[in-house]
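Participant: Task: produce atomic coordinates for the following.
(one chain, ligands or ions: 1)
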Amino acid sequence: MKSTVYITRKLPDNVVDKLSCHFNVRMWKEESIQVPREVLLKEIEDVEGLLCLLTDIIDKEVLDLACNLKVISNLAVGYNNIDLDSAVCRGIVVTNTPGVLTETTADLTFALLMATARRLVESSDFLRKGEWGAWSPMQLTGQDINNATIGIIGLGRIGEALVKRAKGFDMEVLYFNRKRKTELERELGIQYAELKDLLKRSDYVCLLLPYSNEVHHLIGKEELKQMKKEAILINTARGGLVDEDALYHALVEGQIWAAGMDVFEKEPVSVDHPLLTLPNVVTLPHIGSASINTRIAMANLAADNIVNVLNGAEPLTPVMLK
Ligand code: DGY
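Facilitator: Just a heads-up that it's a prediction; the model follows:
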């Protein structure tokens, strides 16, 4: 008998077809509305495979109902939406989509850094609002990117890809990572720094580490105090890494110069979020990996992981328990 797979959001036809060749496929057909929790709880009961998004919380409640589930394939590299321990306890394979989004996410991270440093959004709004009276020497001046110091927190694949971009701008690169990578330091010409030291010395602090409870609010009031007054914080990882309330106050009080945020603690962020009221914050709706090619590659990889597991082969990109 064919296995059944549930997909929690509308995916491109060719990706769905790939799964339909092997399995009975059911899908939440909306593109921009999340599957309601009660629908997910019902759908999960009889399926062997689940293809879900980072916005779907796959916790004990879901897993307790998932009597036949063999594989959870997350369409994201991050998987903090999944209770990994509980899944592994139940013998469920969990997969993610690393690798295929590395360069695209590094591109967006550097684009956000540049947009924030050079006040691109504010400048564009200024022009469109008819506020451009005359060219003036200090009007809309920002921070230099070339020859500045960038501190990367989390030197995984995306962090490494960001180093290449930073080196193209002659930046000095510091990094902080759970595990020091001495060979990479030599290869890429980068320097390890403890977190405190990195915060003190960096003009740009970029967060690129996976989220877990241990790093909740890694950047809070004390950390923001240690940063330079001209420093810029860039977060393209997960919102929970930053204490948004502390960041708001640090920006208002001029403790740091600006921030670029692609991710928020609670997404989608509401339009009256305090950070959205500040001119020195560039905000994006979690689009780090959002190029057409990359999103298609992610969807294909997520589907291939399900095909492999349910057909008795090894998953291509399994998530491992630490
Ligand atoms: C991920 O993959 O974890 C990103 O946040 C979305 O692309």
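
Participant: Would you mind naming what in the stretch 51-200 of the chain lies close to the ligand?
Facilitator: 54, 76-78, 101 (C-beta under 6 Å from any ligand atom). Every residue, glycine included, has its C-beta placed from N, CA and C.

Participant: pLDDT and secondary structure added to the residues you listed, as TSV?
Facilitator: Converted to TSV, these look like this (pLDDT from 0 to 100; DSSP: H, G, I helix; E, B strand; the rest coil):
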residue	pLDDT	secondary structure
54	97	coil
76	98	coil
77	98	coil
78	98	coil
101	98	coil
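
Participant: just the buried members of those?
Facilitator: Buried by 16 or more other C-beta atoms under 10 Å: 54, 76-78, 101, out of those.

Participant: Return the member of these nearest to residue 38.
Facilitator: residue 54 (20.0 Å; C-beta to C-beta).

Participant: Now do the same contact list for the closest one.
Facilitator: By C-beta atoms under 8 Å, 6 or more residues apart in numbering, the contact list for residue 54 reads 74-76, 78-81.

Participant: Domain map for the chain?
Facilitator: For the chain, automatic domain parsing gives the domain ranges 4-100+292-310, 102-283.

Participant: Would you agree residue 304 falls within a helix?
Facilitator: Yes. Using DSSP: H, G, I helix; E, B strand; the rest coil, the secondary structure at residue 304 is a helix.

Participant: Is the nearest residue to it once chain neighbours are set aside within a helix or a strand, and which one?
Facilitator: Leaving aside its sequence neighbours, residue 304 sits nearest to residue 316 (C-beta to C-beta, 6 or more residues apart in numbering; 5.7 Å). Using DSSP states H and E, residue 316 is not contained in any helix or strand.

Participant: Tell me the spacing between the residue in the stretch 201-322 of the chain that the ligand sits nearest to and residue 241.
Facilitator: The ligand sits closest to residue 289 of the stretch 201-322 of the chain, with a gap of 3.2 Å, by C-beta to the nearest ligand atom. Distance of residue 289 to residue 241, given as C-beta to C-beta, to the nearest Å: 17 Å.

Participant: the helices in the stretch 151-300 of the chain, which residues?
Facilitator: 157-168, 182-188, 195-201, 221-226, 244-252, 292-310 (DSSP state H, counting those that start in this stretch).
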